[in-house]
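S.K.: sequence below, structure please.
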Amino acid sequence: MVQQTQFVKVEKENQYAILTIDNPPLNVLSQQIFSELYEVFSELEQDDEVVAVLLTGAGEKAFAAGADIKEFPQMMGSSNLKETIMNGHRTLNFIDDFRKPTIAVLNGMTFGGGCELALSCDIRIAEEHSQLGLPEVALGLFPGGGGTQRLPRLVGPAKAKELMFTGKPITAQEAEKIGLVNTVVEKGNGLSEAKKLAGTITGYSLQALSRIKKAVNEGLQSSLDEGIDLEATLFAEVFRTEDIKEGVQAFIEKRKPSFKHK
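M.R.: Residues are numbered from 1 along each chain as shown. Below is the predicted model:
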């Protein structure tokens with residue numbers, strides 16, 4: 001099944017959805033694209049047939065090569081600039097908090113807002129020719145799509161500051177070394193690797209997957225004691241689901257469980 005907004009293609013298969021940003025030649029991120037991503041993710045969160053979401057860019061040159069700089073002059077004269085910026089954050093925060101696992105497939109340049117979009121996903125798979133970076137400082141700017149917050153939490157403050165202070169891109173291999181991406185694959189193999197991973201993930205209960213995500217994301221924003229308390233609360237919740245009964249029964253009967261995500 002394939003759906004299409006102006007700039008985002010949606011394909012569904014095997015309990016996951018594949019979103020492709022299609023804005024040639026480099027898939028730059030306009031305000032319209034952020035709006036469409038919010039709309040699509042909102043629909044997929046309520047779609048019972050979708051357990052995970054893969055996000056990539058069209059072509060072989062770029063996942064997303066940054067924000068649409070042609071929109072910047074208009075932003076400079078805006079009287080409600082912060083509101084415009086927060087609209088972008090609304091989309092990125094929604095993806096970050098999206099209750100289903102998300103995998104970004106980086107198939108080329110992943111710069112600026114494109115890098116920040118990738119940071120809002122749970123897992124990042126990079127093809128070997130990809131480059132990642134936050135080059136905003138070269139324009140007299142700094143990352144304004146959550147980069148100053150999400151990147152340090154992922155790679156540590158010192159490395160994050162180096163990447164943002166210099167604006168220099170790094171290779172996929174270096175990104176893997178510092179923990180910015182989970183794995184690097186050959187050019188053209190990113191989507192197939194992500195599908196393989198999604199196939200494993202979607203075999204499990206969304207009741208458990210969504211609570212793993214919530215426990216990790218919210219736990220990172222709290223103290224260890226608060227995080228443990230949250231984990232205990234979510235653990236008690238999952239014991240009241242239908243899927244844990246199925247999982248335990250399947251284990252006893254030595255068969256593969258058939259989760260209904262309930």
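S.K.: run through who's touching the lowest-mean-pLDDT helix or strand in the chain.
M.R.: Lowest mean confidence among the helices and strands of the chain (mean pLDDT, DSSP states H and E): helix 72-76, at a mean of 76. Contact with helix 72-76 is made by 81, 84, as judged by CB atoms under 8 Å, 6 or more residues apart in numbering. Where C-beta positions appear, they are placed from N, C-alpha and C, glycine not excepted.
S.K.: just the strands in the stretch 1-150 of the chain please.
M.R.: Along the stretch 1-150 of the chain, counting by DSSP state E, counting those that start in this stretch, strands occupy 2-4, 8-13, 16-21, 52-57, 62-64, 102-106, 109-111, 123-127, 131-133.
S.K.: tell me the strands beside the first one, with direction?
M.R.: Strand pairing for strand 2-4, determined by DSSP bridges: strand 8-13 (antiparallel).
S.K.: ok now the strand it pairs with, how far from the chain's centre?
M.R.: Between the centre of strand 8-13 and the centre of its chain there are 16 Å (CA atoms, centre = their mean, to the nearest Å).
S.K.: now stretch 236-254, how far from the chain's geometric center?
M.R.: Worked out by CA atoms, centre = their mean, stretch 236-254 lies 29 Å from the chain centre.
S.K.: okay, how far is it across it, tip to tip?
M.R.: With CA to CA, to the nearest Å applied, stretch 236-254 spans 25 Å between its terminal residues.
S.K.: per-residue confidence averaged over that stretch?
M.R.: Averaging pLDDT along stretch 236-254 yields 95.
S.K.: list the buried residues for that stretch?
M.R.: 238, 241, 243-244, 246-247 (16 or more other CB atoms under 10 Å).
S.K.: could I get the residues you listed as CSV with distance to Gly113 and secondary structure?
M.R.: Shown next, in CSV, are the buried residues of stretch 236-254 (distance: CB to CB, whole Å; DSSP: H, G, I helix; E, B strand; the rest coil):
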residue, distance to Gly113, secondary structure
Val238, 35, helix
Thr241, 37, coil
Asp243, 37, helix
Ile244, 40, helix
Glu246, 41, helix
Gly247, 40, helix
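S.K.: and which of those residues is nearest to Lys12?
M.R.: Closest approach to Lys12 among these (CB to CB): Asp243, at 21.4 Å.
S.K.: so who does the closest one touch?
M.R.: 205, 207-208, 257, 259-262.
S.K.: narrow those to those in helices?
M.R.: The members of those that map onto helices under DSSP state H are 207-208.
S.K.: so who does the closest residue to Pro25 other than its chain neighbours touch?
M.R.: Nearest residue to Pro25, sequence neighbours excluded (CB to CB, 6 or more residues apart in numbering): Lys61, at 6.4 Å. Applying CB under 8 Å, 6+ apart to Lys61 gives the contacts 25-26, 108-109.
S.K.: one more: Arg211?
M.R.: 234-235, 237-238.
S.K.: could you list the buried residues of the least confident helix or strand of the chain?
M.R.: For helix 72-76, it's none, nothing buried (16+ other CB under 10 Å).
S.K.: buried ones from the contacts of Lys61, can you make that a ChimeraX selection?
M.R.: Filtering those down to the buried ones (16+ other CB under 10 Å) takes a single ChimeraX command:
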select :26,108,109
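S.K.: out of the contacts of Lys61, the closest to Asn189 would be?
M.R.: Nearest to Asn189 out of the contacts of Lys61 is Gly108 (CB to CB; 13.3 Å).
S.K.: phi and psi next, for that closest one.
M.R.: Dihedral pair for Gly108: phi 150, psi -150, per degrees, to the nearest 10.
S.K.: any idea how far it lies from Glu60?
M.R.: Distance of Gly108 to Glu60, computed by CB to CB, to the nearest Å: 6 Å.
S.K.: any shared contact partners between the two?
M.R.: Common neighbours of Gly108 and Glu60 (CB under 8 Å, 6+ apart) are His129.
S.K.: in TSV: the buried residues of stretch 236-254, plus distance to Val8.
M.R.: Listed next are those as TSV, based on distance: CB to CB, whole Å:
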residue	distance to Val8
Val238	32
Thr241	32
Asp243	31
Ile244	35
Glu246	34
Gly247	34
